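Trainee: Need coordinates for the following:
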Amino acid sequence: MSTAASIPSATPSAPASAEPSARANSKIPLLMKIYGVISLVSGATVLAGGALIIWGLATGGIDAVNRSYHVTLTVTLTVIQLVLVFFHSVTDVTFGISLLRDRRRHAALYAYLLVLLNIVIGIIRIAILLVIASTVDPSLRRERELARQQRNKELEREAAAGTLGRAKDGRGFIALNFFNLFWVFTVCCVIGLIIETVYHMVIVDPGHYQDRAGMLFGPFSPIYGFGATLMTIALNRFYKANPAIIFLVSAVIGGAFEAATSWFMETSFGAVAWNYSGFTILGLFPDPIAALTGGRTSTLFMCMWGALGFVWIRFCLPGGMRSPRCAPC
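Mentor: Sure thing, here's the model as predicted:
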């Protein structure tokens, strides 16, 4: 009986002795807490300095900022770096507090975040230094000036010859740069809106005008702008191809774009802008394209996309960029 009685008395003593050990293991070492104090102080110092700078800009420096219109790559990268430094300082403060309060899990998460922020800030800092070095280096600056002068002369020659914006490698009709695609998008936003408005007033609802603009301000329909830009990129190398190929490529691209836009609008905003589910082919049998896409596009409108693509790539685009020497062609 004495042996049996001694067993229960020994059992509770094990957890009691293990509990102080577990609490001791949960505490963060002193050296790490010292580093936490350093992180807390450095982060708070940077935040205080940033607050003073913001206060100075708010009280007297905002006019100087508004008068400066020369935004360079260095300025842009510097602003991005300052924003990242702000988040880095906030993370430093929370990281230091987590270490001092023995919150291991939070401290580990903030440590990973600080590693990522330090890598990103380091990359941006290197980029800023490279931009500054290439800007202030006299030899590189002279090379850039000569290259700029040569580029301006080439643009003047192309403008005089009527080939400005044309592809120089012969693998396409126009150069697919930002300038050309921006104006293709902008002009076709307006042209597409005009076509859709006339079509709706003449065919869909005869005699009744309806504003078909796709933006709050201005006569723009972005769907046609995006469609024309996509068509220009896809058909740029087909400008000498057989008309049937241009028509088919335009029809497939336009129909796929229309169906994808319809799906995006319904999925994102719950809006059904068009539905061709009841369409038929010449009134004889149901439209297979409309049935296949759930009414998001149809054979008729794919043919319209094909015709528009053919007219655009063969007549409208070359007509606006044709040189005087090839005008008789």
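
Trainee: just for the stretch 101-250 of the chain, where's the confidence low?
Mentor: Scanning the stretch 101-250 of the chain for pLDDT under 70 picks out 159, 161-172, 216.

Trainee: which residues in it form helices?
Mentor: Remark: helices of the stretch 101-250 of the chain, listed N- to C-terminal, are 104-136, 138-161, 178-199, 222-235, 243-269; assignment by DSSP state H, counting those that start in this stretch.

Trainee: What distance do you get for residue 91 to residue 45?
Mentor: Computed with CB to CB, to the nearest Å, the distance linking residue 91 and residue 45 is 14 Å. Bear in mind the C-beta positions are built from the backbone N, C-alpha and C, glycine included.

Trainee: Those two: which has the busier surroundings?
Mentor: Summary of the neighbour comparison: residue 91 and residue 45, criterion other CB atoms under 10 Å, with residue 91 having more neighbours (19 against 12).

Trainee: Work out for me the element that one sits within.
Mentor: Here residue 91 sits within helix 73-100, counting by DSSP states H and E.

Trainee: Quick check: buried residues in that helix?
Mentor: Of the residues in helix 73-100, those buried by neighbour count under the rule 16 or more other CB atoms under 10 Å are 77, 81, 84-85, 88-89, 91-100.

Trainee: Give me the nearest residue to residue 303, chain neighbours excluded.
Mentor: Residue nearest to residue 303 in three dimensions, not counting chain neighbours: residue 251, with 6.2 Å by CB to CB, 6 or more residues apart in numbering.

Trainee: got a list of what the one you found touches?
Mentor: Applying CB atoms under 8 Å, 6 or more residues apart in numbering to residue 251 gives the contacts 302-303, 305-306, 309.

Trainee: how close does it get to residue 141?
Mentor: Distance of residue 251 to residue 141, given as CB to CB: 51 Å.

Trainee: And for residue 45?
Mentor: For residue 45, the distance to residue 141 under the criterion CB to CB works out to 37 Å.

Trainee: re earlier: let's see the pLDDT reported for the residue nearest to residue 303.
Mentor: For residue 251, the model assigns a pLDDT of 92.

Trainee: Please apply the same query to residue 12.
Mentor: On the pLDDT scale, residue 12 is placed at 49.

Trainee: just residue 30 next, same as before
Mentor: Here, the pLDDT recorded for residue 30 equals 88.

Trainee: The nearest residue to residue 224 once chain neighbours are set aside: what's it in contact with?
Mentor: Counting by CB to CB, 6+ apart, residue 192 is the residue found nearest to residue 224 once chain neighbours are left out, at 2.2 Å. Going by CB under 8 Å, 6+ apart, residue 192 touches 221, 223-225, 227-228.

Trainee: swap the cut-off to 10 Å and go again
Mentor: Under the criterion of CB atoms under 10 Å, 6 or more residues apart in numbering, the neighbours of residue 192 are 212, 214, 220-228, 308.

Trainee: These into TSV, with extra columns for distance to residue 271 and neighbour count?
Mentor: As requested, the contacts of residue 192 are exported to TSV (distance: CB to CB, whole Å; neighbours: other CB atoms under 10 Å):
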residue	distance to residue 271	neighbour count
212	15	17
214	12	17
220	18	19
221	15	23
222	14	16
223	13	20
224	18	23
225	19	23
226	17	16
227	18	25
228	22	25
308	24	23
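
Trainee: Mind putting the residues you listed into JSON lines with distance to residue 122?
Mentor: Converted to JSON lines, the contacts of residue 192 look like this (distance: CB to CB, whole Å):
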{"residue": "212", "distance to residue 122": "50"}
{"residue": "214", "distance to residue 122": "43"}
{"residue": "220", "distance to residue 122": "42"}
{"residue": "221", "distance to residue 122": "45"}
{"residue": "222", "distance to residue 122": "39"}
{"residue": "223", "distance to residue 122": "42"}
{"residue": "224", "distance to residue 122": "44"}
{"residue": "225", "distance to residue 122": "40"}
{"residue": "226", "distance to residue 122": "38"}
{"residue": "227", "distance to residue 122": "42"}
{"residue": "228", "distance to residue 122": "42"}
{"residue": "308", "distance to residue 122": "50"}
